[in-house]
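**Q** Here is my input, please return the structure:
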Amino acid sequence: MSTHYPLIIIWTWSAGLPAWMYASRYGIRNLIIGAQPGGALGTSHCVENYPGTISESGADIMKRFEEHAKISGSEISYDTVVKIEELPDKNLQVTTARKEVYTCDFLIYATGNAYRHLDVPGEDRLLGAGVSYCATCDGNFFKWRDVIVVGGGDSSFTEALYLAHLCKTVKILVRKDKAKAEEIWVKKVQEEANMEIIYNTEVAEINGQFAVESVTTKDGRTIPTQGIFIAVGSVPSIDLIQNLGVEIDEEGCIKIDQHQKSSNDRLYAAGDVTTGSAKFRQTIMSAAEWCLAAHSVHEAMLKNGIKMQ
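**A** So this is what the prediction gives:
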């Protein structure tokens, strides 16, 4: 047996929350499925570029989002989606890890991105023993220790700044001779006495028998460290929708039109997993896409005479 909803929203608990807000305001019965608050916003230790937020952790913002969802009338399932199928009537069927089965007329998909790996020896073996992809999640385990952050973008620099207030020293390894991070983050790092940026450096191997002890670079140097935080970008999480005939671009992002609709008329998408907003990966951009996705679903329901309850 399955339970039917006019709209199901699959997310990683990030900026997608405006979708349920607008869906509920339109009177659309909707179900949100997400295992736990997370995504890029949920793991950000400091957010300073979202309206009304001067300086606050992503986790605290997510808590308010969750409370808002509950009072707006959305139903929430703290579960993980394992399969999405298209039925003969074009409705979509969603199966979760807890073996719950739901069907829907429309689905809004916002699973965000998955962490990109270095794919070097020692990375998988020492995961959880000094190798991490989330400073906010694991930083407290490295208090007063020497750590390395790998990456040259905004996320690597902001994570490094967070770690600088916990760790003894923080070295940022940047592959090229210039970082991609905004200049404001580079300057903040340069102002910290216990931080160092090392350019033109790539990790070739992560060393340690039972825990991380050092990294070896591609030019043969050994850099001692007790932890390595890898922040080299991410890849779109599209595994669940690849069987739906959804078009993707060369980077694996879901192609959407100006209404956030994919090449499957029943599936809309928003956030980092899409080609929208010129791929400008910011919470405020994702929020706008979610609002538009919910609005577009409402318009499609009206046009096709689909019941909203």
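
**Q** And residue 51, what's its pLDDT?
**A** Listed pLDDT for residue 51 reads 73.

**Q** how's the protein carved up into domains?
**A** Residue ranges for the domains of the chain, per automatic domain parsing: 3-115+234-304, 131-230.

**Q** Of all the helices and strands in this structure, which has the lowest average confidence?
**A** Least confident helix or strand, the chain: helix 39-42 with a mean of 61, by mean pLDDT, DSSP states H and E.

**Q** so what's residue 177 up against?
**A** By Cβ atoms under 8 Å, 6 or more residues apart in numbering, residue 177 lies in contact with 199-200. Backbone N, C-alpha and C define where each C-beta goes, glycine included.

**Q** Got the confidence number for it?
**A** 95.

**Q** let's have the chain start at 158 instead
**A** Taking 158 as the first residue, the last one we looked at is residue 334.

**Q** Which of the three states applies to it?
**A** Remark: residue 334 carries the secondary structure label coil [criterion: DSSP: H, G, I helix; E, B strand; the rest coil].

**Q** Same question for residue 163.
**A** Assignment for residue 163 (three-state DSSP): strand.

**Q** Now do the helices in this protein.
**A** For the chain, the helices defined by DSSP state H cover 174-182, 196-199, 215-229, 292-295, 311-321, 340-348, 440-461.

**Q** Just put those helices in JSON lines and tack on distance to residue 284 and mean neighbour count.
**A** Listed next are the helices of the chain as JSON lines, based on distance: least, Cβ to Cβ, whole Å; neighbours: other Cβ atoms under 10 Å:
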{"stretch": "helix 174-182", "distance to residue 284": "30", "mean neighbour count": "23"}
{"stretch": "helix 196-199", "distance to residue 284": "20", "mean neighbour count": "23"}
{"stretch": "helix 215-229", "distance to residue 284": "22", "mean neighbour count": "16"}
{"stretch": "helix 292-295", "distance to residue 284": "11", "mean neighbour count": "20"}
{"stretch": "helix 311-321", "distance to residue 284": "17", "mean neighbour count": "24"}
{"stretch": "helix 340-348", "distance to residue 284": "26", "mean neighbour count": "14"}
{"stretch": "helix 440-461", "distance to residue 284": "27", "mean neighbour count": "20"}
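
**Q** Now do residue 190 against residue 178, distance only.
**A** 16 Å (Cβ to Cβ, to the nearest Å).

**Q** Oh, that last question was meant for residue 366, not what I typed.
**A** 50 Å.

**Q** quick one on the thing from earlier: export the domains of the chain to JSON lines and append columns for distance to residue 282.
**A** JSON lines is the format used below for those (distance: least, Cβ to Cβ, whole Å):
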{"stretch": "domain 160-272+391-461", "distance to residue 282": "17"}
{"stretch": "domain 288-387", "distance to residue 282": "8"}
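
**Q** related to what we said a few turns ago, for the helices of the chain, could you give me JSON lines that also reports distance to residue 410?
**A** As requested, those are arranged in JSON lines below (distance: least, Cβ to Cβ, whole Å):
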{"stretch": "helix 174-182", "distance to residue 410": "18"}
{"stretch": "helix 196-199", "distance to residue 410": "15"}
{"stretch": "helix 215-229", "distance to residue 410": "22"}
{"stretch": "helix 292-295", "distance to residue 410": "25"}
{"stretch": "helix 311-321", "distance to residue 410": "18"}
{"stretch": "helix 340-348", "distance to residue 410": "25"}
{"stretch": "helix 440-461", "distance to residue 410": "12"}
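
**Q** hey, least reliable of the ones you listed by pLDDT?
**A** The minimum mean pLDDT among those belongs to helix 196-199 (a mean of 61).

**Q** Residue ranges in the stretch 158-307 of the chain under the pLDDT threshold?
**A** Low-confidence regions of the stretch 158-307 of the chain, defined by pLDDT under 70, span residues 169-174, 193-203, 206.

**Q** So which residues of it form strands?
**A** For the stretch 158-307 of the chain, the strands defined by DSSP state E, counting those that start in this stretch cover 160-168, 187-190, 232-234, 238-243, 249-253, 258-267, 270-272, 288-289, 303-307.

**Q** OK, contacts around the closest residue to residue 452 other than its chain neighbours?
**A** Using Cβ to Cβ, 6 or more residues apart in numbering and skipping the chain neighbours, the partner closest in space to residue 452 is residue 179 (6.1 Å). Each residue near residue 179 by Cβ under 8 Å, 6+ apart is listed here: 447-448, 451-452, 455.

**Q** can you rerun that using 7 Å?
**A** Residue 179 makes contacts with 448, 451-452, as judged by Cβ atoms under 7 Å, 6 or more residues apart in numbering.

**Q** Next: residue 455.
**A** 183, 185.
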